[in-house]
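Asks: Prediction below, plus the sequence it came from.
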Amino acid sequence: MIESVFLGLSVASILLLIALGLAITYGAMGIINMAHGELLMIGAYCAVLTRIHLGFDMFMALPVAFVMAGATGALIEVFIVRRLYNRLLDTLLATWGVAIVLQQAIRLEFGLVFFGIHIPGLGSGLQNTGIPQVLQGSWQVAGTNLPIFRTFVIGIALIMFAVTWWIYYRTSLGTQLRAIARNAKMAAACGVNVKRINTIAFSYGAGLAGMAGVLLSGFESVKPDMGSSFVINGFLVVVTGGVSSLFGTLFASGLLGEARAVLAIIYNDVLAQAAVFAGVILIILVRPSGLFSPKQR
Amino acid sequence: MTDMLSQQNFERLAYVAFIAFIFSMPLFLDEFGLNRFSKYLVYGMLGIAISLAWGYAGILNLGQGLFFGIGAYAMAFSLKLAASSTAGGKTPIPDFMVVNAEPNAIPELSSITTGSWIWVPFQSQWFGVAMALAVPAILAGLIAYTLGRSRVSGVYVAIITLALVLLVRLIVIDQQQVTSGFNGLTDLAWFNLFGLELDPYAKSTYLIIAFALTIVLLIARWLVSTRAGLVLQGIRDNEVRARYLGYSVVSYQIFFFVVSAMIAGLAGVLYVVAAEFASPTFLDIAFSITMVVWAAVGGRASLLGACIGAIGLNFIGATLSETESLMNAWQLIIGLIFIVVVLWLPRGLAGLASDLADRFVTRADDSKWNRFKSVKHTQSPANR
Amino acid sequence: MDERRISFAVKDLSVDFNGFKAVNGMNLSVYKGELRVLLGANGAGKTTLMDLISGRTKSTGGKVLLNDKEITNWEEHLISRAGIGRKFQIPNVFKELTVRQNFLIADCKETRVLPNIVRGSHRELPDHIARVVELTELYDFLGTEAATLSHGQTQWLEIGMLLVQNPDIILLDEPTAGMTAHETRKTAEIITRLKGRHTILVVEHDMAFVRSICETITVMHHGQNLAEGTVTEIENSAEVQAAYLGSAGIGHA
């Protein structure tokens, strides 16, 4: 049982990294980024490519993925999302288009396949990255073996949560971001450079997703469509936790990750996922503002 | 007044041309091509369903595949039984159930596997058809009612419908002793329409599907031209004002959402008739969102536009997708087209066509015409 | 003193937004056919009171009565069907639809879905709508999308839609906000014409406008009924002056 709770925590950690980015972009900007899962995918491919071509291990891949996914996110924000503020559903649709394009770009190796060039690590096949030597093996708590790698994943997620919290509530950037979330026009009138802040926030969320991708590559094979199920799960976490609450996101990812891991033991993985979906749908219907947000006027 | 008439005529002309076009296909295509095209017509029907729910009712349903899938499975249950023989008992037993059965289970539909009793009434193919329409209708009614009650916004509706279709997909895959799981239902019998066996490759089958599409298109067009259709567009535009005029927003949304779901269910039935299989891929999120792409490209607020968008994109896609890398390239193009349409052409090709038509005929005071050009997305309740 | 029948009333009405009581024990009775003006500083609770009466906000205490029937916290569309229409402070019309379509939807004697499918939509505007179109000077704009109307025209469109809707009770939230002097005069004319046939509750700051249309004023303060009386009574009321001390009087609010 401890093992599965622990497993649930590591699943929750990946969810948390994904949901944090979604929570910021949805909460502050009202944007639903359907390409968020593809940013995770890009992070995972960063791990694959840096390992094959540069001999990097996971520790070095993490910052690379953060930067690459973050840069992709910035491009998406500047060229597409920015044009669609106040058209919430349209951002959902346009970013879905972006998601398809990114997936196909990897499958087609950026179009190079048409010229007969093949880049090792890309294409539609499965890729794998190794877990660094130091993270292999396990340690013992109360007679149970807990894998070190999963501990590492949980640790990274918590660190990034703390960093995000600090940025959000303790820096001028975060203050400006929260001001935009409350009232973008007013914030602009008060001298906040709304466009710039939005780009940074979007890009930061994308970077977190990229890191999640690297970590995820330690659990499962890397493939072009690996991200698509995560964006739904990530968004379910955000709405469950309450859009304007970082701690809500933290608890909700814990809740959903654990629910899935524990239910998977009682029934099976498929039904566990189904039960989580059903649960979240109920939560949204009963409390549309999420479990952890205050009642608003 | 003459201007107004010529504008209406333009629209009418487009409808007539489209209907003539689909009925003339048997002149140009062989039986293989005709069978393929009949599937595109089914997609066209899905385009109409999306346009009705999204363009007119303002409900972006990212789970339309749910209704399509239910329709398809209900029909496939019946056609599977019609092609199955008994396994020693009185009722026909689908082959996959025999494989999944407990060693000493009684070989009747009511008992051979856990849950297989659901299949019993499907021995009548008309029961299958009835369920293909009724279940989506009831489900859509419940969804629209609960969502309307809790007044969740458009995005939540999109996410909930998405989660719902994923949920059902997982259940279909998991309960493989009843649904055949991942493999889906294949080796189906032909539909028997009052003695006429609907051979998927026969001209008559194509014509029946084309006829069904025509009827659906005309009914949908008529519905949105009624006063209820006008009120519905008012609701899409401004729910608060509609409520303050005494209209029950939920009732209107339920009605049109249910109609949209039934059209999708019917599309599922026809797809199974033409394609001879049902599969959990119908419940993939990608498929559901792809339907939205068709409608968006054709024009979300134009029933005919969305329908043509679906048929056209599938036709082009199938023509290009002969090899795998080209298929991937086509997917890429679909993604790009979608981005371009959302950013610069929110009214889709139908919007473009009506703008072009506008250059030839001056715009007069008429509401019908404006309806086709009215989805300009400012900040309205339907969007946020 | 009054033999007239009460049209609608609120009794001890309150609403609590996380501890902030925007309306706090409000009492008000408006008689049939009366035109009542609601005054008060920003934040006095006027708009919230209208939200509560019309069902947009759910109250946390007290009652709303319509012809002695309790309608507290009913859904908006049911309250509307019971006979209360409303104009919002920020014009609230169907922006994506044409003026003509706006009027057609406002003609809402039949609100159910199925009868509206059978009915089909009008080719010609019915006479009673055409009269309102004339009155609101929107005849040349029938085919125009409401989003492209000027501010004043949008205000009139909304007032016109109320006239077509023809409810017993009309709630008007700052009907002249953002209007030119000419438009304001015209609006006063329209509102005066409604007096007697409809019961009207108006929130308005423009004292000249108030003098030109009004009999009785109710002053709200801190979510409560502070004073009631004629224009002169209110202007000379010590209580009202005390409440507004320092804000140079209500005339300039």
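Replies: Sure thing, it's come through.
Asks: Low-confidence bits of the stretch 1-150 of chain C, can you list those?
Replies: C:1-3, C:120-123 (pLDDT under 70).
Asks: And the residue in it that chain B sits nearest to, how far from C:Glu124?
Replies: Among all residues of the stretch 1-150 of chain C, C:Gly143 sits closest to chain B, at 3.4 Å; criterion: CB to the nearest CB. C-beta here means a position set from N, CA and C on the backbone, and glycine is covered the same way. From C:Gly143 across to C:Glu124, the span is 14 Å (CB to CB, to the nearest Å).
Asks: Tell me where the stretch 151-297 of chain A has strands.
Replies: With strands called from DSSP state E, counting those that start in this stretch, the stretch 151-297 of chain A shows none.
Asks: before we move on, what about the stretch 1-150 of chain C?
Replies: Using DSSP E, counting those that start in this stretch, strands in the stretch 1-150 of chain C cover C:6-17, C:20-31, C:35-39, C:61-66, C:69-70, C:84-87.
Asks: for the first one, packing partners?
Replies: Translated: strand C:6-17. strand C:20-31, helix C:46-54, strand C:61-66 (3 or more CB pairs under 8 Å, 6 or more residues apart in numbering or on different chains; DSSP states H and E).
Asks: Name the stretch among these that sits most buried.
Replies: helix C:46-54 (a mean of 24; mean count of other CB atoms under 10 Å in any protein chain shown).
Asks: Show residues contacting that helix.
Replies: B:244, C:8, C:10, C:13, C:15, C:22-23, C:26, C:28, C:38-40, C:56-59, C:64, C:76, C:79-80, C:84, C:86, C:89, C:171, C:173, C:201, C:203, C:220, C:223 (CB atoms under 8 Å, 6 or more residues apart in numbering or on different chains).
Asks: run the last query once more with 7 Å
Replies: B:244, C:10, C:13, C:15, C:22-23, C:26, C:38, C:40, C:57, C:59, C:64, C:76, C:79, C:84, C:86, C:89, C:171, C:173, C:203, C:220 (CB atoms under 7 Å, 6 or more residues apart in numbering or on different chains).
Asks: chain center to that helix: distance?
Replies: 10 Å (CA atoms, centre = their mean, to the nearest Å).
Asks: next one: stretch A:258-273
Replies: Its chain's C-alpha centre and that of stretch A:258-273 lie 21 Å apart, by CA atoms, centre = their mean.
Asks: Next: stretch C:195-213.
Replies: That offset, for stretch C:195-213, works out to 10 Å (CA atoms, centre = their mean).
Asks: got the buried residues for it?
Replies: Neighbour counts using 16 or more other CB atoms under 10 Å in any protein chain shown place C:198-207, C:209-210, C:213 of stretch C:195-213 among the buried residues.
Asks: between the residues you listed, which is closest to chain A?
Replies: Checking those one by one against chain A (CB to the nearest CB), the nearest turns out to be C:Val203, at 18.9 Å.
Asks: so who does the residue in the stretch 151-253 of chain C positioned nearest to chain A touch?
Replies: Closest contact between the stretch 151-253 of chain C and chain A, by CB to the nearest CB, is at C:Gly223 (14.0 Å). Counting by CB under 7 Å, 6+ apart, C:Gly223 touches C:21-24, C:26, C:45.
Asks: 8 Å instead, please
Replies: C:14, C:21-26, C:44-45, C:48.
Asks: Would you map the helices across the stretch 151-253 of chain C?
Replies: Applying DSSP state H, counting those that start in this stretch to the stretch 151-253 of chain C gives helices spanning C:151-165, C:181-194, C:207-213, C:231-236, C:238-244.
Asks: most neighbours per residue, which of those helices?
Replies: helix C:151-165 (a mean of 23).
Asks: and that helix, what does it pack onto?
Replies: So helix C:151-165, by 3+ CB pairs under 8 Å, 6+ apart, packs with strand C:84-87, helix C:99-106, helix C:127-135, helix C:181-194.
Asks: Against which helices or strands is the third one packed?
Replies: By that I understand helix C:127-135. Against helix C:127-135 (3+ CB pairs under 8 Å, 6+ apart) you get helix C:99-106, helix C:151-165.
Asks: burial measure for B:Ser325, as a count.
Replies: 14 (other CB atoms under 10 Å in any protein chain shown).
Asks: Does the helix or strand hosting it reach chain A?
Replies: For B:Ser325, the host element (DSSP states H and E) is helix B:324-344. Yes - legend: contact between helix B:324-344 and chain A by CB under 8 Å from any CB of the partner chain is shown at B:325, B:328-329, B:331-332, B:334-339, B:342-343.
Asks: Enumerate the residues of the stretch 51-200 of chain A near chain B.
Replies: A:80, A:83-84, A:86-90, A:92-94, A:96-101, A:103-105, A:107-108, A:113-114, A:124.
Asks: what's the average pLDDT for stretch B:200-209?
Replies: Across stretch B:200-209, the average pLDDT comes to 93.
Asks: Name the residues of that stretch that come out as buried.
Replies: B:200, B:202, B:205-209.
Asks: can you tell me the helix or strand for the nearest residue to B:Gly115 once chain neighbours are set aside?
Replies: Leaving aside its chain neighbours, B:Gly115 sits nearest to B:Val178 (4.4 Å; criterion: CB to CB, 6 or more residues apart in numbering or on different chains). Remark: B:Val178 resides in helix B:176-179, with elements defined by DSSP H and E.
Asks: same check, this time on A:Asn145
Replies: Here A:Asn145 is assigned to strand A:144-147, by DSSP H and E.
Asks: Quick one: distance of that strand to the chain centre.
Replies: Worked out by CA atoms, centre = their mean, strand A:144-147 lies 26 Å from the chain centre.
Asks: likewise stretch A:263-281?
Replies: 21 Å.
Asks: So what touches that stretch?
Replies: A:4, A:236, A:239-240, A:256, A:259-262, B:160, B:163-164, B:166-167, B:170-171, B:173-174.
Asks: what sits up against stretch B:142-160?
Replies: Contacts of stretch B:142-160 (CB under 8 Å, 6+ apart): A:32, A:88-89, A:92, A:232, A:235-236, A:239, A:281, A:284-286, A:288, B:58-62, B:161, B:164, B:249-250, B:253-254, B:257-258, B:381-384.
Asks: Could you rerun that using 7 Å?
Replies: A:32, A:88-89, A:92, A:235, A:239, A:281, A:284-285, A:288, B:59-60, B:62, B:249-250, B:253-254, B:257, B:382-384.
Asks: again with stretch C:177-188
Replies: C:89, C:151-152, C:155, C:175-176, C:209, C:212-213.
Asks: if you average pLDDT over it, what comes out?
Replies: 83.
Asks: tally of neighbours for A:Met186?
Replies: 11.
Asks: Also B:Phe10?
Replies: 16.
Asks: Assumed it was part of a helix.
Replies: Yes - assessed by DSSP: H, G, I helix; E, B strand; the rest coil, B:Phe10 belongs to a helix.
Asks: correct me, but it touches B:Ala357?
Replies: Yes - with contact defined as CB atoms under 7 Å, B:Phe10 and B:Ala357 form a contacting pair (5.1 Å).
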